[in-house]
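1. Okay, structure incoming, though there's no sequence with it:
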């Protein structure tokens with residue numbers, strides 16, 4: 001199979017540039033050039049900055065608590081998991097709050113995402129369901 005590359009004007013994450021573009025299937029083009037993270041970055045630059053600041057602020061709470069009491073005992077893995085969970089939750093909230101126009105649906109989705117986050121967090125922390133991810 002011969003793939004012919006041609007010089008075209010292509011938009012990559014909103015930046016206009018000239019480059020060689022091979023004949024990619026439309027699904028692959030959509031994933032690469034119009035995917036979730038590309039749309040998130042372009043449309044929500046300020047919101048992403050506030051999300052990162054919020055995650056950092058939330059993670060300061062256990063970090064400071066560890067300095068004053070022995071009851072909070074987090075290690076590096078705990079901070080990594082918490083960071084990933086908070087960033088994913090925030091990204092989903094930002095992305096879908098822009099996509100969903102109905103206020104009622106947006107509120108239901110927000111409640112569902114936060115509830116799912118709290119359930120996973122509680123399962124990882126104390127194992128309320130006794131699943132394998134809690135270590136039991």
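-> Nice, thanks for sending it over. Computed from a predicted model, the values in this text were never measured in an experiment.
2. Please identify which helix or strand holds the nearest residue to residue 47 once chain neighbours are set aside.
-> Sequence neighbours aside, residue 94 is the residue nearest to residue 47 in space, at 5.1 Å (criterion: CB to CB, 6 or more residues apart in numbering). For glycine as for every other residue, the C-beta is placed from the backbone atoms N, C-alpha and C. For residue 94, the element it lies in under DSSP states H and E is helix 76-99.
3. name the helices or strands packed onto that helix?
-> Secondary-structure packing of helix 76-99 (3 or more CB pairs under 8 Å, 6 or more residues apart in numbering; DSSP states H and E): helix 36-43, helix 45-68, helix 103-126.
4. a markdown table for those, including mean neighbour count and mean pLDDT?
-> Output for the helices and strands packed on helix 76-99, formatted as a markdown table (neighbours: other CB atoms under 10 Å; pLDDT from 0 to 100):
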| stretch | mean neighbour count | mean pLDDT |
| --- | --- | --- |
| helix 36-43 | 14 | 59 |
| helix 45-68 | 12 | 88 |
| helix 103-126 | 13 | 90 |
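5. quick one, which of these is nearest to residue 90?
-> Set against residue 90 and scored by CB to CB, the helices and strands packed on helix 76-99 come closest in helix 45-68, at 4.3 Å.
6. ok so, going back, the helix holding residue 94 vs helix 45-68, what angle?
-> 150 degrees (axes from the mean of the first three to the mean of the last three CA atoms, to 10 degrees).
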